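**Q** any chance you could fold what I've pasted below:
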Amino acid sequence: MPERALCLDRRRFLQGTASLGLSLACAQAFAQSPKLVYDVVVVGAGGAGLAAAVSAAQAGASVCVLEKMSSIGGDTQRSAGFMAVVDPDRQQPWGIEDSFDLHVSQTLRTGHDLGNPQLVRQMVEKAPAVVRWLEAMGVMFEPRVYEAEGTGLRRCIRPIAARGDGYIRALSHEALRLGVEIYTEAAVMSLAPDLTGAVRGVTVRLAGSTFPKFVSARNGVILATGGFGASDALVRKWAPELAELPTDSSASSTGDGLLMAGQLGAQLECMEHIECVTGVKSEKNIAVRLAAPADMIYVNDSGERFAEENEAQDALAAAIRAQHDGRCFVIFDSAAVASLDPLTQKSLYRALVADAIFSAPSLEKLAEILKIPAQGLRRSIETYNSRLDSGEKSGKCRTMPCKKIRKSPFWGYEAALMIHNTAGGLKIDVKGRVLKTSGEPIAGLWAAGAVTGSVHGANCSSGNGLTDVFVMGKITGEQVALAGNSR
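**A** Got it, this is the predicted structure:
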């Protein structure tokens with residue numbers, strides 16, 4: 001095993017993953033490795049990359065994971081943790097009737113019918129088995145089922161561990177147990193094709209190294225480098241109207257895989273479709289995202305509620321941008337705060353101390369702080385609460401367990417749209433093979449997760465992002481491991 005590989009014992013691994021950063025850097029120099037040849041090379045150590053690595057290792061392949069950041073996790077680590085899956089055992093006790101066909105049709109509709117129907121159906125039908133696969137590695141899910149925004153149906157599950165932490169811990173632990181070698185601060189510079197155009201490895205530069213190294217992949221390379229939400233240049237190229245917005249994407253999401261594969265003639269699709277969510281408007285870049293539409297409302301600068309908070313992300317973003325000066329305020333109460341996971345609560349109180357989020361003993365005082373009309377805010381809250389008191393099931397409350405906003409202190413903040421997800425990316429087939437503009441696969445190259453653009457179309461339905469990450473991650477790992485049998 002190369003000396004810079006993650007050859008940690010269990011005690012040291014658990015100590016290292018105790019921090020949110022899950023820093024996995026090793027002290028030895030990568031350049032001291034005597035030989036760098038593996039069956040499978042995975043680029044990126046987020047959810048898709050780790051799922052692919054585990055899957056390939058389970059199939060008997062030797063696997064190397066190269067991560068350019070100093071810690072693993074990517075956007076999966078930062079996610080809300082929701083995974084959309086049709087699972088009667090979880091849904092029916094809550095009175096939820098669902099089906100594969102419904103999940104497929106809603107996913108395609110939300111993506112404006114730009115997603116690949118074969119890939120969507122594969123994701124939906126394989127999701128239950130992938131959930132069991134994750135559970136076998138130690139991921140523990142809450143018994144509660146959440147609504148997939150924009151669908152009006154509860155089919156999302158999430159781990160007990162906050163956000164994406166449960167997935168990353170379980171997958172990285174299993175990868176290490178299986179002998180996968182994970183390298184951090186390992187920036188892949190380019191893909192390395194042979195004379196026939198087949199990808200045979202990558203060139204990688206490590207921190208402290210003067211020259212890049214060549215890492216050979218006997219079976220193939222899997223790109224799991226994420227989207228491009230953190231790349232100002234690529235956002236400006238594909239969606240210039242959003243170029244000035246902040247992002248809640250991982251700093252690693254700079255489109256590296258797109259650019260490297262593009263040099264080999266890979267086809268890109270849906271690149272102009274970038275999803276935005278609401279975050280705290282703050283110059284201090286404090287990331288807080290409330291992912292429970294049942295517990296809050298949006299109002300404009302007149303204090304008027306103007307949208308259903310569970311609409312699809314693109315529709316909700318359009319509704320916010322249509323308001324006066326694009327201003328939007330998120331209003332909730334202390335009961336909603338109490339229901340948040342510990343990490344979100346921590347971020348919320350950090351923002352409170354930084355005067356980016358505000359709390360007040362009354363709605364009138366909160367309106368004064370936010371500089372919106374108290375009468376309008378009071379009227380919006382009273383209308384919302386009275387509908388719940390009357391038992392009226394309308395809007396989001398037809399399918400969500402809405403709660404009245406009544407428990408003091410009341411909370412609120414001015415929201416700002418921020419780039420959350422880039423729906424476009426590399427075109428792939430059902431095996432995860434990256435396709436050329438001609439439609440033929442690039443030999444030796446696969447991709448999974450947000451670097452791809454074939455599943456979601458124009459818009460990713462809530463929870464489908466992680467479902468796609470783990471389903472396609474598992475599939476690509478298996479496919480590349482098996483590729484050696486055909487040579």
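**Q** what sits against residue 144?
**A** By CB atoms under 8 Å, 6 or more residues apart in numbering, the residues touching residue 144 are residue 157. Any C-beta I mention is one placed from the backbone N, CA and C, and that applies to glycine too.
**Q** surely it forms part of a strand?
**A** No - remark: residue 144 does not belong to a strand; assigned using DSSP: H, G, I helix; E, B strand; the rest coil, it is coil.
**Q** gap between it and residue 91?
**A** For residue 144, the distance to residue 91 (CB to CB, to the nearest Å) stands at 11 Å.
**Q** just for this structure, where's the confidence low?
**A** Residues of the chain meeting the criterion pLDDT under 70: 1-35, 148-150, 282-291, 485-487.
**Q** for residue 229, see how far away residue 254 is.
**A** If you go by CB to CB, the gap between residue 254 and residue 229 works out to 9 Å.
**Q** who's more crowded, those two?
**A** Counted by other CB atoms under 10 Å, residue 254 and residue 229 do not tie: residue 229 has more neighbours, with 27 against 21.
**Q** now do the helices in the stretch 201-350 of the chain.
**A** Here the stretch 201-350 of the chain has its helices, by DSSP state H, counting those that start in this stretch, at 232-238, 256-262, 313-321, 334-338, 342-353.
**Q** which one, of those helices, ends up nearest to residue 169?
**A** The minimum distance between residue 169 and those falls on helix 342-353, with 13.6 Å, by CB to CB.
**Q** immediately after the closest one, which helix or strand?
**A** Remark: after helix 342-353, the chain's next helix or strand is strand 358-360, criterion DSSP states H and E.
**Q** that next one pairs with which strands, parallel or anti?
**A** According to DSSP bridges, strand 358-360 forms sheet pairs with strand 410-422 (antiparallel).
**Q** tilt between the strand it pairs with and helix 342-353?
**A** Counting by axes from the mean of the first three to the mean of the last three CA atoms, to 10 degrees, strand 410-422 points 120 degrees away from the direction of helix 342-353.
**Q** neighbouring contacts of whichever helix or strand comes after strand 410-422?
**A** Note on strand 410-422: by DSSP H and E, the next helix or strand toward the C-terminus is strand 425-426. Contact with strand 425-426 is made by 223, 227, 257-258, 261, 266-271, 434-435, 447, 450-454, as judged by CB under 8 Å, 6+ apart.
**Q** let's go with 6 Å and repeat that
**A** Strand 425-426 has contacts (CB atoms under 6 Å, 6 or more residues apart in numbering) with 261, 266, 434, 447, 451-453.
**Q** ok, stretch 243-253 next?
**A** Stretch 243-253 has contacts (CB under 6 Å, 6+ apart) with 69, 74-75, 78, 226-227, 229-230, 235-236, 279, 287, 417-420.
**Q** residue 445 contacts residue 201, correct?
**A** No - using CB atoms under 6 Å, residue 445 is not in contact with residue 201; the gap is 11.0 Å.
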